[in-house]
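In: build me a structure from this.
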Amino acid sequence: MAHETRICQNCKQSFVIEPEDFVFYEKIKVPPPTWCPECRDQRRWASGNDLTLYRASCDLCHNEMISMYRPDGPFAVYCSACWWSDNWDPTSYGMVYDFSKRFFDQFKELQLRVPRMATSVFGCEGSPYVNNCGNMKNCYMCTSCGYCEDSYYLIWGEHNKSCLDGFKSGRNELCVELVNTNGSYRSAWLMQCESMIDSYFCYDCRQCTKCIFSHNLRNKSLHIFNRPVSEEEYEVFVKTLSSASKVDEYKQTWRLIMQKAIHKYLALKNCVNVVGENVTNSVNSYWVFDSDDLENVRYSSRVLSGTKDSMDISSYGYGCEMSYEAYGLGGGASNCLFTRQCVEGIDHVDYSDLCTNSNDLFGCICLRKKSFCILNKQYSKEEYAALKERIISRMREDGEYGEYFPGSISPFGYNESTAMLYYPLTKEDALALGYGWNDAMPETKGRETMQWAAVPDRIEQVDEAIANEIFSCEKCKRNYKIIKQELRLLKKLGLSLPHHCSLCRHAERIALRNRSRFYHRQCMCENRGHDHAARCLVEFETTYAPDRPEIIYCEECYQTEVV
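Out: Predicted structure coming up:
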């Protein structure tokens with residue numbers, strides 16, 4: 001079977017369906033996708049909300065809570081304690097399937113009936129302002145994180161302690177502004193680094209101590225701009241990090257350093273037959289990003305630990321098998337198609353939302369420990385199988401089967417959703433693509449009580465009373481505060497205060513990374529000592545576009561030059 005080139009029905013660009021893809025679609029009995037991988041990923045992220053939180057009241061116990069759903073929205077929302085309790089029955093909202101209506105219309109009707117969970121958290125202590133997190137202690141505004149302590153504004157972090165502002169970084173302590181960096185201590189502004197100590201503004205460095213403005217270093221200490229320096233020179237520089245104006249200058253220098261560095265064609269570690277970026281310990285996987293421990297996985301992002309034989313999964317993982325087109329799927333899920341945040345021991349669950357520990361569900365919402373249900377209505381095993389086949393047949397006729405939930409029935413406006421972080425759109429563009437929009441985001445402007453000009457430039461001169469003030473982000477003008485824990489951590493590390501709000505800081509970190517897209521290129525190495533007479537002839541897939549300024553090497557040339 002040959003590959004086929006098709007036109008994405010969303011962005012109108014061409015994309016390829018590979019022979020391996022067709023085999024998988026045949027195995028799970030779904031039609032090939034009509035959207036390209038990138039648009040499919042965007043659509044899935046638009047069904048989730050990681051960063052937008054509201055103050056609200058539980059619609060069951062009426063206690064105050066933090067919620068990912070806006071208080072004036074169309075849904076009933078329960079706090080976590082009530083949602084997990086036996087004080088309500090999700091099957092009481094069950095509907096009889098109506099073959100005179102389209103499936104997605106009926107699913108939306110059920111969606112408006114069934115109470116939703118305010119935030120997705122478990123095992124968290126002293127961390128009310130986190131979402132999609134587990135086992136967090138004393139953390140604030142973290143999302144998709146686990147086992148972190150005393151940490152703030154992290155995305156996709158695990159086992160971090162006393163860290164601030166990070167993206168996909170783990171096992172770090174006393175660190176600030178890390179991107180794709182692990183196992184580091186008392187460091188800041190690092191990207192693609194590992195096991196760093198007392199280091200700042202570095203790219204692709206490993207096992208280094210007291211290094212600054214450096215790239216591609218291994219097992220070095222006391223280096224600035226990749227050159228050896230004295231302990232005194234290092235200490236003089238570190239003292240300048242308490243100045244906000246100096247740090248702004250350093251960030252520009254850091255970006256130039258990253259451009260000058262040698263970049264490996266793909267950031268892979270312990271991988272075999274993988275085309276992906278920031279992927280570790282994986283085999284036989286393609287078009288995968290920010291993921292670990294994959295086997296036979298394709299077109300997926302931010303998936304972890306033991307996911308295999310699956311396609312088009314955005315977020316979570318942990319033992320997912322034989323599943324397709326899902327957001328937030330995992331915890332041993334298997335044979336699941338077109339789901340949203342269905343986790344923990346689910347099997348043969350299709351077109352469902354927020355279901356756990358269940359099997360054989362179709363079009364269900366918020367069911368727990370249930371089997372053979374359609375639109376939350378209970379059936380016998382035989383009735384379920386017959387009705388499911390009839391519904392799928394009708395959905396195929398209507399062109400619905402094989403498509404993920406459309407943006408029009410996402411529980412969130414596009415600007416509330418996680419997609420806004422990875423695939424930003426204007427309101428006009430989002431509405432044109434069928435997504436919703438929230439014109440009442442939880443933000444204020446013009447209510448600042450203090451101007452940054454009145455704040456001392458150096459962190460050691462800043463009084464703790466500043467935590468009582470409201471500031472305006474120098475980039476987007478949103479109001480925000482410096483929380484006491486954040487201030488104390490920055491003072492302890494001697495690092496300057498951020499003059500941008502947390503959302504703009506997240507966006508700046510995301511902008512440092514490449515888009516989830518591949519380009520076919522040739523290695524740029526022209527070093528004749530690398531076993532080639534002229535320019536290296538090796539070709540590869542990479543996330544670096546051809547018009548980018550970075551120097552891109554194949555695996556062999558990179559290892560020869562850097563390691």
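In: how near is L537 to P74?
Out: Using CB to CB, to the nearest Å, L537 is found at 58 Å from P74. Yep, even glycine has a C-beta here, placed from its N, CA and C like the rest.
In: show me the contact partners of stretch 64-80.
Out: The contact list for stretch 64-80 (CB atoms under 8 Å, 6 or more residues apart in numbering) reads 49, 52-61, 63, 88, 111-112, 114-121, 128-129, 131, 411-412, 416, 438, 440, 442.
In: how about the helices in the stretch 201-350 of the chain?
Out: With helices called from DSSP state H, counting those that start in this stretch, the stretch 201-350 of the chain shows them at 231-239, 244-260.
In: output those helices as JSON lines; include the columns distance to T356 and mean pLDDT.
Out: Output for the helices of the stretch 201-350 of the chain, formatted as JSON lines (distance: least, CB to CB, whole Å; pLDDT from 0 to 100):
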{"stretch": "helix 231-239", "distance to T356": "48", "mean pLDDT": "97"}
{"stretch": "helix 244-260", "distance to T356": "42", "mean pLDDT": "95"}
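In: TSV for these, including mean neighbour count and distance to L489?
Out: Shown next, in TSV, are those (neighbours: other CB atoms under 10 Å; distance: least, CB to CB, whole Å):
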stretch	mean neighbour count	distance to L489
helix 231-239	13	16
helix 244-260	16	15
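In: now stretch 163-176: mean pLDDT?
Out: The average pLDDT for stretch 163-176 rounds to 97.
In: give me the number of residues near R515?
Out: Neighbourhood size, R515 [other CB atoms under 10 Å]: 15.
In: for L268, that is, sorry about that
Out: Under the neighbour criterion other CB under 10 Å, L268 is assigned a count of 19.
In: the worst-scoring helix or strand of the chain on mean pLDDT packs against which elements?
Out: Within the chain, no helix or strand scores below strand 121-122, which has a mean of 88 by mean pLDDT, DSSP states H and E. For strand 121-122, the packing partners by 3 or more CB pairs under 8 Å, 6 or more residues apart in numbering; DSSP states H and E come out as strand 133-134.
In: what's downstream of the strand it packs on, the next helix or strand?
Out: Past strand 133-134, heading to the C-terminal end, the next element that is a helix or strand (DSSP states H and E) is strand 142-143.
In: now do the helix or strand that the least confident helix or strand of the chain is followed by: distance to the chain's middle.
Out: Downstream of strand 121-122, the next assigned helix or strand under DSSP H and E is strand 130-131. Taking CA atoms, centre = their mean, to the nearest Å, one finds strand 130-131 lying 13 Å from the centre of the chain it belongs to.
In: other residues contacting strand 130-131?
Out: 49-51, 53, 68, 119-121, 124, 136, 139-143, 145.
In: pairing partners for it, with directions?
Out: strand 142-143 (parallel) (DSSP bridges).
In: run through who's touching the partner strand.
Out: Contacts of strand 142-143 (CB under 8 Å, 6+ apart): 50-51, 127, 130-133, 136, 148, 151-157.
In: one more pass at 10 Å, please.
Out: The contact list for strand 142-143 (CB atoms under 10 Å, 6 or more residues apart in numbering) reads 48-53, 68, 119-120, 124, 127, 129-133, 136, 148, 151-157, 160, 163, 166, 418, 421, 506.
In: among those residues, which are located in helices?
Out: L421, H506 (DSSP state H).
In: whichever of the contacts of strand 142-143 end up buried, select them in ChimeraX.
Out: A single ChimeraX command is used to select the members of the contacts of strand 142-143 judged buried by 16 or more other CB atoms under 10 Å:
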select :48,49,50,51,52,53,68,119,120,124,127,130,131,132,133,136,148,151,152,153,154,155,156,157,160,163,166,418,421,506
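In: end-to-end on stretch 122-141?
Out: 15 Å (CA to CA, to the nearest Å).
In: what residues are up against the nearest residue to Y544 once chain neighbours are set aside?
Out: Among residues not flanking Y544 along the chain, I552 sits closest, at 5.1 Å (CB to CB, 6 or more residues apart in numbering). For I552, the contacting residues are 262-266, 519, 521-525, 540, 542-544, 546, 558, by CB under 10 Å, 6+ apart.
In: mind giving me the PyMOL select for the residues you listed, buried ones only?
Out: Selecting only the buried entries of the contacts of I552 in PyMOL, with 16+ other CB under 10 Å as the criterion:
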select buried, resi 262+263+264+265+266+519+521+522+523+524+525+540+542+543+544+558
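In: neighbours of K492, how many?
Out: For K492, the count of nearby residues is 12 (other CB under 10 Å).
In: got a list of what it touches?
Out: S162, L174, R186, I459.
In: can you check S214 too?
Out: Per CB under 10 Å, 6+ apart, neighbours of S214: 193, 199-205, 208, 220, 223-227, 257, 261.
In: what's opposite V297 in the beta bridge?
Out: Beta-bridge partners of V297, as defined by DSSP bridges: S310.
In: touching, it and M322? I think so.
Out: No: counting by CB atoms under 10 Å, V297 does not reach M322; the two are 11.0 Å apart.
In: give me the common contacts of those two.
Out: K308, D309, S310, M311.
In: pLDDT score assigned to the third one?
Out: S310 is assigned a pLDDT of 97 by the prediction.
In: count of neighbours near it?
Out: 30.
In: now swap in the last one and tell me
Out: When neighbours are defined as other CB under 10 Å, M311 has 26 of them.
In: that older thread, relative to S315, which of the contacts of strand 130-131 is nearest.
Out: S315 lies nearest to D50 out of these, by CB to CB, at 8.9 Å.
In: can you count the residues close to the closest residue to K370 other than its chain neighbours?
Out: Among residues not flanking K370 along the chain, S358 sits closest, at 4.7 Å (CB to CB, 6+ apart). Residues contacting S358 under the criterion other CB under 10 Å number 22.
In: show me what contacts S358?
Out: S358 neighbours (CB under 10 Å, 6+ apart): 342, 344-349, 352, 364, 367-373.
In: now do R302
Out: 41, 45, 144, 155-156, 168, 278, 288-292, 313-317, 328, 418, 422.
In: and for S410?
Out: 43-49, 111, 327, 340, 416-417, 419, 434-436.
In: what score does W287 have for pLDDT?
Out: For W287, pLDDT reads 96.
In: hang on, isn't it packed against M311?
Out: Yes: W287 is within contact range of M311, at 9.3 Å (criterion: CB under 10 Å).
In: so what sits against both of these two?
Out: What both W287 and M311 touch, as defined by CB under 10 Å, 6+ apart, is the set P37, V297, R298, Y299, S300.
In: filter those residues down to just the buried residues.
Out: The buried subset of the shared contacts of W287 and M311 - by 16+ other CB under 10 Å - is P37, V297, R298, Y299, S300.
In: farthest pair within the residues you listed?
Out: P37 and V297, at 12.5 Å, using CB to CB across the buried ones among the shared contacts of W287 and M311.
In: what's the overlap in contacts for the two?
Out: Contacts common to P37 and V297, judged by CB under 10 Å, 6+ apart, are Y286, W287, M311, D312.
In: dump these to a markdown table, plus distance to L178.
Out: Converted to a markdown table, the shared contacts of P37 and V297 look like this (distance: CB to CB, whole Å):
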| residue | distance to L178 |
| --- | --- |
| Y286 | 28 |
| W287 | 25 |
| M311 | 30 |
| D312 | 29 |
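In: top of those by neighbour count?
Out: D312 (28 neighbours).
In: next one: it from S301, what distance?
Out: 10 Å.
In: follow-up on the earlier one: of all the helices of the stretch 201-350 of the chain, which lies closest to E469?
Out: The nearest among those, by CB to CB, is helix 244-260 at 15.1 Å.
In: by contact count, what packs against that closest one?
Out: strand 173-179, strand 188-191, strand 200-203, strand 209-212, helix 231-239 (3 or more CB pairs under 10 Å, 6 or more residues apart in numbering; DSSP states H and E).
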